[in-house]
Structures are given as C-alpha cells and as structure tokens.
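Colleague: just to be clear, the model below is a prediction. Sequence and coordinates:
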Amino acid sequence: MTNSRVHAFVALGGALIVGAFAAFVPPIPPASAQSQAQRICREQGISPGSDGYEYCLSQATRALYVGEPGLARSFARVAVDARDKNNRAEQFHVVSTILDASIDGGQFGDLYERRWEGEVDIRSIKSVMQMDVLRCKTPEMVRKEIWAHLLAYNLLRTVMAVAAGENGLEPRQVSFTGAKQAVTAFAPKIEAARPADRPALINALLVIIAYHRVGNRPGRWEPHARKRRPKPGARLTQPRAEAKLPENRSKWY
C-alpha cells in the first residue's frame, strides 16, 4: 500500500471519528439534570462562586444526562499552593477527577506551575522552527512539511538532552533557541571536517548548547497579546497569479 493511500485512509478514519463524535454528543441537558448537578456539587462542598464550581457543574450535568450518575460524584476538591499571575504564592481549590488519595495538593500545584512548559514547547515549534505558516500547496506535501518540522524538533530535543546529561543539567534548563542556533552554526563545519576531527567538534557543540540556559522563573505569566503591530495593507484574498492579471490589478494598488 502506497503512502498516499495510507494517508488517505488515516484522513478518512479521522473524519469518521469526528463525525461519529459530533453525532453522539448529547444536546443541552434539561433543567432537572442541571438542578440535580447543582445539589451534587454542593454536597461535595463546592458552592457557587467557589473555585472549580463551573467545572463540577458542567461535568456532573453531562454525566447525569448520559445516564451515568456514578460519574457525577467522582470528583475531588483539592487545596493547591501555587503562584498567581502576579507571581504571588496563594492557596486555591481545584476540582479533579483524580480520586487517588496519595496525590496531594503539592503535586497538583507542581503540575499547575509546569503548564508554562507546554506553552513554550508550542512556541518553539511554531516560532523557532518557523512552522506558524505552512508553505506547501497540496495536502500530501503539507503532511510531509509537518512531519519534517516535527522530526527536526525531536532531533534537536535529543541533542539538547545529550548535552544536558553530559553537563549535569536537566533538559528543561537548556535553551531551545540557543541550541538551534548552535546546531545551525556547527552543522556545516562538522560535515566538512575530517572524520578524525568530528568528535572534538561534536563535544564543543554539546558544551555550547549546555552553556545557553533558561532562567528559573516560577509562576511566569505573560499577557496573551501581540506586541508587534501589523503592517498596513490589504490582505491578498485570491491567488497571486490571478491578482496580477490586468483586470484585477486595480484592487491591489
């Protein structure tokens, strides 16, 4: 079976899954289920206006409507110590479906503070790896472009892990942007070097990658907004070849 057929089957399977999910999502629950869900949340000590009330209410209402009343009571209210957007330590409550008593609020707080790492990883793929704009024109080439970016990302993360391990660091302490710049600078030199000289260059590369580190910034928070202003000008809403035709040029002056 060719790759194009495999991709076609994967795409068809994903479309069928999405369609089936959309078909079986229940409609908005009636008022009776919502009122019962409100009583369940209050019984568990989650009152209106408190942390996690909206999450408890929505999940309990959906569980009641699909005929699973046991799931409506499978919530735990946990006190968590973490930092807010002003980097101040505070305690708040979260509602979780994790009912294991061995998992305390400290572990929930650690996960909450590590949420920034996910944001940084997405930024690294989109901005540093320049995958924010896909340039291919056909679905097959777009899939190849995405896989090529992810392959390069994972290879770079592997080099960062090796550099961190050899220098007594955690991989998260190494800068992704600095590692990419170092690999880009060393790649042509390693390729052109004689085989006997390459180990020394690779060792120097790992040392330089470990040198570029990120600071310890607990509770980091950034505004979800763009600082750079967009350039003035109309957006191209038709293929460039059509826009360059004489009859369409007046639209783009």
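Modeller: Done, it's in.
Colleague: can we go C-alpha only for contacts and neighbour counts from here?
Modeller: OK.
Colleague: any idea how far the residue nearest to Ala234 when sequence neighbours are not counted is from Arg240?
Modeller: Nearest residue to Ala234, sequence neighbours excluded (Cα to Cα, 6 or more residues apart in numbering): Trp252, at 7.4 Å. When Cα to Cα, to the nearest Å is applied, the distance between Trp252 and Arg240 equals 11 Å.
Colleague: Ala79 looks like it's in a helix, true?
Modeller: No - judged by DSSP: H, G, I helix; E, B strand; the rest coil, Ala79 forms no part of a helix; its state is strand.
Colleague: tell me the pLDDT at it?
Modeller: The model reports Ala79 with a pLDDT of 70.
Colleague: kindly report the domain assignment for this protein.
Modeller: The chain breaks down into these domains under automatic domain parsing: 19-114, 130-211.
Colleague: can you give me the end-to-end distance of the shortest one?
Modeller: From the first residue to the last, domain 130-211 extends over 24 Å; the measure is Cα to Cα.
Colleague: avg pLDDT for that domain?
Modeller: Within the predicted structure, the mean pLDDT of domain 130-211 is 91.
Colleague: distance from the chain centre to it, please.
Modeller: 20 Å (Cα atoms, centre = their mean, to the nearest Å).
Colleague: that older thread, thinking the residue nearest to Ala234 is in contact with Gly233, fair?
Modeller: No - Trp252 is beyond contact range of Gly233, at 9.1 Å (criterion: Cα atoms under 8 Å).
Colleague: who's more crowded, the two?
Modeller: The residue with the greater number of neighbours, taking Trp252 and Gly233 and applying other Cα atoms under 10 Å, is Trp252; the counts read 11 against 8.
Colleague: and that one, backbone torsions?
Modeller: Reported as degrees, to the nearest 10, the phi and psi values for Trp252 are phi -120, psi 20.
Colleague: could you shift the numbering so residue one becomes 6, and keep it that way?
Modeller: Got it, first residue is 6 now, which makes that one Trp257.
Colleague: measure it to Pro244 for me?
Modeller: Relative to Pro244, and taking Cα to Cα, Trp257 is found at 12 Å.
Colleague: now do the strands in the protein.
Modeller: For the chain, the strands defined by DSSP state E cover 81-88, 94-101.
Colleague: give me the neighbour count for Asp137.
Modeller: Burial of Asp137, expressed as a neighbour count using other Cα under 10 Å, amounts to 11.
Colleague: that one touches Ser129, doesn't it?
Modeller: No - taking contact to mean Cα under 8 Å, the distance of 10.0 Å between Asp137 and Ser129 leaves them out of contact.
Colleague: ok, for Val167, nearest residue in space, not its chain neighbours?
Modeller: Leu211 (7.6 Å).
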